[in-house]
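*Asks:* sequence and predicted structure below; questions after.
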Amino acid sequence: MDKFKKKNELYDYLETYASKRKSELDRKKLDTGLIKSYIIETARNYEDVDLRRYLNNTETSTFDLDDGLFGINLSGEIIGYCEPFMGRYYVLYSGLKTETVEPFYRRLILDNFSLDSCWFAGDFFDKLREIVYGARYDYQYLKIKFEYINEFEKHGETDENELDEDEFIIENKASKIVINERIRKIREILPELRDLFKPFYSQVFLRVPSAAGKGGHEIYNFGKVTNRSNSFLDHKNILNSIIRIYKAVTEIIEDESNIKFEFEAEDNLLSMSGKPVLIKFIDPLDPETFENFVSSTFVKNVGPFRIAGNPIKTGDNSYVVYGVDRHLYGKIDLDINLERFLIILHSDTCGNTLHRLITNTQTKITPALNIKIGNKEYREIITNAMNKNGNS
């Protein structure tokens, strides 16, 4: 990417860049990468987090534009530009190929405890689709991807003699489904599909038509948004809408669920506020899947959940975990079994922890969930945040 000194220069470049890439898409001959935007979560007390601090090292360096924007050099190449959004978020813009920029982004998140991806669970996608239903025409198309891969399923023994020569010996339970259909048809068939097949609850991708031009925008469940439209400004409007809603939901979660203790000296009383989170599985987990999840996540401390803790066995397929989230090192307690996860988020724990836990549970353990924070459903909180931000 080119080097710029001012925000308006960068915006002008990205606007022209988007128009050129859309023309190439129309000709089915893309010469270089599309504009990809990666949303990065920091913390509610975002004043303590300066992303540039993590990017000035032996491999990367930054250079400032105006209005808080800065560019990122990686080994002598400009990999992208970062812009602060609404306090606690940054967005990384890049026109480089996915195979170049995405490993950089993922490593940046994993290597720095102050940072996290944004995680869009199935309920969040459902509510985004409702906004699209109201803002687009019924004859316009949406593209949706659903994905459920049981990463913790135990591979059983298989007799090789029973297999055809072109079959794999070992497979995980996996479902990857793409629907590209008119809005009116999706609205009609999706509830019926979910009744028949639970992985239709696990949405990981949504492509929405552009509001102001040609093409559209692709939203991924780990906070990536790809611009397939002819306008960067339209793309930025999509980012603004998503981040505004996501921020509101995250802060409602923090206000409702974070456990806080207050000592009232006058009355010599200790009061507690905050509500537990319940993730109920529509179908109970397979015991081997559950035990593999516990071992991988808490004992081996690997995988996307990013929660460290020593699991204490309390019964058959039942554990208590006094854990620490590896984003901001906030405390999180879990009481887990085959039917549900009961979660306590402490006062220092980011609401994004819950988004990550729900999203990865849905795509990697079991797709159909019923989620409550106290007596409020997770999807109700998302609806309230959308209504509050003018997206009803």
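*Replies:* Sure thing, it's come through.
*Asks:* please make it C-alpha for all contacts and neighbour counts, starting now.
*Replies:* OK.
*Asks:* the one helix or strand Arg194 maps to - what's its average pLDDT?
*Replies:* Arg194 is part of helix 183-196 when elements are defined by DSSP states H and E. For helix 183-196, mean pLDDT rounds to 94.
*Asks:* how far out from the middle of the chain is that helix?
*Replies:* Averaged C-alpha coordinates place helix 183-196 at 23 Å from its chain's average position (CA atoms, centre = their mean, to the nearest Å).
*Asks:* got a list of what Lys247 touches?
*Replies:* Applying CA atoms under 8 Å, 6 or more residues apart in numbering, we find Lys247 in contact with no residue.
*Asks:* wait, I meant Asn317
*Replies:* Counted by CA under 8 Å, 6+ apart, Asn317 has contacts Pro287, Phe290, Glu291, Asn337, Leu338.
*Asks:* tell me the domain boundaries of this structure?
*Replies:* Domains of the chain are assigned by automatic domain parsing as 7-117, 122-155+170-243, 256-388.
*Asks:* stretch 44-51: how far from the chain's middle?
*Replies:* 20 Å.
*Asks:* quick one: buried residues of it?
*Replies:* Buried positions in stretch 44-51, judged by neighbour count with 16 or more other CA atoms under 10 Å: Arg44, Leu51.
*Asks:* neighbouring contacts of that stretch?
*Replies:* For stretch 44-51, contacts defined as CA under 8 Å, 6+ apart pick out Thr42, Ala43, Gly87, Arg88, Ser114, Glu251, Cys350.
*Asks:* make it 10 Å
*Replies:* The list of residues contacting stretch 44-51 from outside it, by CA atoms under 10 Å, 6 or more residues apart in numbering, reads 40, 42-43, 62, 70, 82, 84, 86-90, 108, 112, 114-115, 247, 250-251, 254, 350-351.
*Asks:* what does stretch 134-144 give?
*Replies:* With contacts defined as CA under 10 Å, 6+ apart, stretch 134-144 is touched by 125, 129, 132-133, 177-187, 203-211, 216, 218-219, 391-392.
*Asks:* at 7 Å instead, please
*Replies:* Here stretch 134-144 makes contact (CA atoms under 7 Å, 6 or more residues apart in numbering) with Val178, Ile179, Asn180, Glu181, Arg182, Ile183, Arg184, Phe205, Leu206, Arg207, Val208.
*Asks:* out of those, which are inside strands?
*Replies:* Val178, Ile179, Asn180, Glu181, Arg182, Phe205, Leu206, Arg207, Val208 (DSSP state E).
*Asks:* max pairwise distance over the residues you listed: which two?
*Replies:* Arg182 and Phe205 (16.0 Å; CA to CA).
*Asks:* who has more neighbours, those two?
*Replies:* Each of Arg182 and Phe205 has its neighbours counted (other CA atoms under 10 Å); Phe205 has more, 22 against 15.
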